[in-house]
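S.K.: Structure here, sequence nowhere to be found:
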């Protein structure tokens, strides 16, 4: 799906994106590929030390890599400080988004007047008073509630749901099955143990250039809004509770859960399956490791981890049994030390 | 979206919901808000100690709080034993559900005769032999299988799926992307390692006043039914396996997983990301902390926890390394104690 | 929903599926049921030691069990090496899939010519150039992207989404809300902390006889394909990242997450809520316990575990506090041992 059937030469690529070219600039690149599977018209990258050995056997047309690996590379190459980001740009150049057909599919149900450049898929329902920016694409099977606003060039894949009143920025991508703006988990317990539901009257406000993965859910605010700032990237199956605020350019891997009213800083990363409890504040530039439970605020940038190491089950059985005795073990250690000190004094 | 454009006076509120009023009962309340953002016609609450300082700077019209905080409050206030539940009631009074348009949208596909008070959204499919109680609302894009029954005043948001034969009680709310009644994970392993699928012929039975969050899944029973009792509240992205039974008024936070045939008692709470293994029984009034793995039955009420504390990654690396040596450490401690006792005897 | 209104006799069952019959072969079986709830025309099974006591009180018509339990059983029974798989076959015999109505529902939107045996539900959108094998069933509300291919006898329930170009094998079942082929989480970080999206140009390739649970997501490959081999069984709410490969007959329980480029072997099992990090290799016949985080490759078959035991919260508070001191504790122990050795030398 290349912009040009004959691709781009290495010279053209370097003149667009910079970097130092080693090799013949007239070589034509048609597509990107992994080192392992690339052919002579493909552009590959080396960004993970693990795949370094593949440099020797790769049949790629050219490779982008950092200066340190250049001497291992017999292929034409481009040297870059950030080979992965460089590769990303080449991949985008060679794989521009497919243009969608503008206009409303005859099987869509649209109760708002839309700009003719907007594309709406079959079986999608768009309620009243929705504003959608130019060149946005709404896939089939979506439900867009009353009063929703979408910026220009937004892209919603099929079967996305956006509840009433939510606001979504320019160029934001939302994948299938995502649900934006469902009620937060606001319930108050009565004396008899039953719950009273609290109306959730806030909205979800999503900035520009955000990407939201498949089946991710972002709840509307209870009173104030839930806010996802510009450039945030959310993987699949993430749950974002009501009144959470996620700072610009933060990226969350799959299956993360963030409880209500937590505030996550800018440029943070959160590994898969991590859980962040409610009403916490996490500073800018914090990295949370996968499967970590964050139980209190983090005020300093850095990497934080709380996962349990895995091991063969029979070993785990023995070690895990001791975890319930750690406090007793510490106490015993103090006792032994005291007895030892006693003996040392005597001797 | 207030029931009355001019809201309610504090006197009217106290006469409906009780509590002790301090201040001018003629003050009109139009909306609820957080202490931080409330204006003079807003009703706020203090239920979390963390926000106590905001009492001093809040511009709220009135605040509900417990007796202990009343002296810190210069604003008109209502004293209640349970300020959060009180606030919930006021919020509901001021934000009644928006009435849906009764009737079937012309772009819905409905193969059952429905009561004229029922509202069905566009692109929703309702199969044969479905019974839907009066005043229920089915949003757009839903799929309601054959023989499903819904109680009166049920509310399904867009893109909800309910499989054949499931029963859902009165006033139950189901959010977008939820899937009720998919097959349980019933597979039997053959000698060659392949699996035979077991037909899942039970149903899902959901009681009255249940709320089910976005993208939550509840599997149908293998043979008997999966049962969600009255007043249960499920947050988003929860997985409930086949033949699970969840007792009345139990509340589960987001991303919880409950494996097949587990029985969770009444009035329990389960924190986000917790996993409950199959074929277990959990007593009434048990609280499971976030991210806890429950591996055996719990017979006593109380709070149970199994999460690993998080810490800076460099500290974690050192501490985690020892977790694989806990059994050896315990053994070494016993050895040291024996040697110490030996010395003590001699001295 | 029995294939035959009068069911099957035990003799007929044994002649189809083998096993040793004890009791009257003329007994007619109409349905399967649990030991607890079975009546005299029901066929039950004993596969979990936990339910052994129910043999005495069960009113089942017949039971399949292993030789070791036969003497505890007064009911007609069939002895099998693998009672659960035997029961699965009987359950399938008595509960064949309901035949779907062939043809395209008038409210479906189909842009491809399909074989007349294919069934397509209302409000489903099927794009151009889709190939669907004979006797496949696509439920209502689905979105099937351009160029998708499905094998014969595939079954997609309502509200399933399959992105452009993905390939799905014969007899594969996909439950509601599943999303196949959304973009992988491919983003490259720039110097200013913002992210560049990397086009995801691979596909998802799913083999034959796979089952995919409700709201499970499988991302398309970044460059090469994401591959799910034959006979794999995925429960609900699972996230499979881009370029993952899952070997034949591997089964994953609910809420599992597998990060990009991980390779899971054949005949593995993964317990609920486990997380497998990216770029790892897991050998054939590995069992990962529930809630375990797999942080490195596993080369040997066996069972691996990394979960933290749970306990009453007050005990956990004390034990968890020590987890942050394990390294210090190990150091202290070495010190005590050295001092002890010193004393021992003297004495």
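M.R.: Everything's here; your move. Everything quoted here is computed from the prediction, not taken from an experiment.

S.K.: Please determine whether the helix or strand harbouring residue A:55 lies in contact with chain C.
M.R.: Applying DSSP states H and E as the criterion places residue A:55 in helix A:54-57. No - for helix A:54-57, no contact with chain C is found by Cβ under 8 Å from any Cβ of the partner chain; the gap never falls below 13.0 Å. Just so you know, the C-beta spots here come from the backbone N, C-alpha and C atoms, and that holds for glycine as well.

S.K.: what's in contact with the very next helix or strand once past that helix?
M.R.: Next along the chain after helix A:54-57, taking DSSP H and E as the criterion, comes strand A:62-65. Residues from elsewhere that reach strand A:62-65 (Cβ atoms under 8 Å, 6 or more residues apart in numbering or on different chains): A:10, A:19, A:23, A:27, A:29, A:35, A:43-47, A:55, A:73, A:75-80, A:83, A:86-87, A:90.

S.K.: From those residues, which land in strands?
M.R.: If you go by DSSP state E, the contacts of strand A:62-65 have A:29, A:43-45, A:77-79 in strands.

S.K.: Dump those to CSV, plus distance to residue C:219, pLDDT and neighbour count.
M.R.: Formatted as CSV, the entries for the ones in strands among the contacts of strand A:62-65 read as follows, by distance: Cβ to Cβ, whole Å; pLDDT from 0 to 100; neighbours: other Cβ atoms under 10 Å in any protein chain shown:
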residue, distance to residue C:219, pLDDT, neighbour count
A:29, 25, 97, 24
A:43, 22, 97, 28
A:44, 21, 96, 29
A:45, 19, 95, 30
A:77, 29, 95, 26
A:78, 28, 97, 25
A:79, 31, 97, 19
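
S.K.: Let me know the closest of those residues to residue A:292.
M.R.: Minimum distance to residue A:292 across those is 29.3 Å, recorded for residue A:45 (Cβ to Cβ).

S.K.: list the contacts for the residue lying closest to the closest one once chain neighbours are set aside?
M.R.: Once its chain neighbours are removed from consideration, residue A:45 has its nearest residue in residue A:87; the separation is 3.7 Å (Cβ to Cβ, 6 or more residues apart in numbering or on different chains). Each residue near residue A:87 by Cβ under 8 Å, 6+ apart is listed here: A:32, A:43-45, A:47, A:64, C:188, C:198.

S.K.: I'd like the distance between residue A:87 and residue A:93.
M.R.: 11 Å (Cβ to Cβ, to the nearest Å).

S.K.: any chance you could map the helices in the stretch 1-150 of chain A?
M.R.: If you assign secondary structure with DSSP state H, counting those that start in this stretch, the helices in the stretch 1-150 of chain A sit at A:10-17, A:54-57, A:83-94.

S.K.: The residue of the stretch 201-347 of chain A found nearest chain B and residue A:101: what is the separation?
M.R.: Nearest residue of the stretch 201-347 of chain A to chain B (Cβ to the nearest Cβ) works out as residue A:306 at 3.0 Å. Look at residue A:306 and residue A:101: by Cβ to Cβ, they are 49 Å apart.

S.K.: which ones are touching the residue in the stretch 151-300 of chain A positioned nearest to chain C?
M.R.: When distances are taken as Cβ to the nearest Cβ, the stretch 151-300 of chain A approaches chain C most closely through residue A:158, which lies 3.3 Å from it. Residue A:158 is in contact with A:121, A:139-142, A:176, C:125, C:143, C:145, C:161, counting by Cβ under 8 Å, 6+ apart.

S.K.: Residue A:74 now?
M.R.: Counting by Cβ under 8 Å, 6+ apart, residue A:74 touches A:55-56.

S.K.: a markdown table please, covering the helices of the stretch 1-150 of chain A and showing distance to residue C:270 and mean pLDDT.
M.R.: Conversion of these to a markdown table gives the following (distance: least, Cβ to Cβ, whole Å; pLDDT from 0 to 100):
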| stretch | distance to residue C:270 | mean pLDDT |
| --- | --- | --- |
| helix A:10-17 | 40 | 97 |
| helix A:54-57 | 28 | 93 |
| helix A:83-94 | 29 | 96 |
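
S.K.: just those: most buried one?
M.R.: Of all these, helix A:83-94 has the most neighbours on average by mean count of other Cβ atoms under 10 Å in any protein chain shown, namely a mean of 22.

S.K.: re the thing from before, excluding chain neighbours, give the residue nearest to the residue of the stretch 151-300 of chain A closest to chain C in space.
M.R.: Take residue A:158 and drop its neighbours on the chain: the residue closest to it by Cβ to Cβ, 6+ apart is residue C:143, 3.3 Å away.
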